[in-house]
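Enquirer: No letters, just coordinates:
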């Protein structure tokens, strides 16, 4: 629901619009800035901005008001399954070692894709990074890819 008039106002002086967010700092995320911006707009009797400003326009105000810095959207962290502890007995002594959980359905799918892709290609490394993010070591992931490649070639 943006209007061309508001677009022109924002393009003219985004710094003045950024002043609506009182006590904003460069360390703030975009979401925090957005909240402060709308609070400041309500105090200045400009609550209508909530209905008319789009996220793109707010991003423009945010970047121009903070010296033209780009917005960094945080990436979601991959889910790492918990490692189990197993007690092992050797030569009369007991040791505890951690064991990674079994290869799940999603990791098996990624394994097949990695096994079908060429070694040292961008795709291969992308799939390898996904497997490492799931809690495996690089060596274990590469070895498992080699084994699945061997199984697929049969």
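Expert: Nice, thanks for sending it over. Please read these numbers as outputs of a predicted model, since none were measured by experiment.
Enquirer: end to end, how far does stretch 82-98 reach?
Expert: In stretch 82-98, first residue to last residue: 10 Å (CA to CA, to the nearest Å).
Enquirer: Over to stretch 125-143?
Expert: With CA to CA, one end of stretch 125-143 sits 14 Å from the other.
Enquirer: Please enumerate the strands of the protein.
Expert: 84-90, 93-99 (DSSP state E).
Enquirer: Identify the residue nearest residue 94 in space, chain neighbours excluded?
Expert: Distances taken as CB to CB, 6 or more residues apart in numbering place residue 87 nearest to residue 94, at 5.6 Å, with adjacent residues excluded. Using the backbone N, CA and C atoms, a C-beta is placed for each residue, glycine as well.
Enquirer: Just to check, the one you found is in contact with residue 95?
Expert: Yes - counting by CB atoms under 8 Å, residue 87 touches residue 95, with 7.2 Å between them.
Enquirer: which residues do those two both contact?
Expert: Both residue 87 and residue 95 lack any common contact, where contact means CB atoms under 8 Å, 6 or more residues apart in numbering.
Enquirer: buried residues in the longest helix seen in the chain?
Expert: The single longest helix within the chain, with elements called by DSSP state H, is helix 138-153. Buried residues in helix 138-153, counted by 16 or more other CB atoms under 10 Å: 141, 142, 144, 145, 148, 149.
Enquirer: which residues sit against that helix?
Expert: 100, 103, 111, 112, 114, 115, 116, 127, 128, 131, 132, 136.
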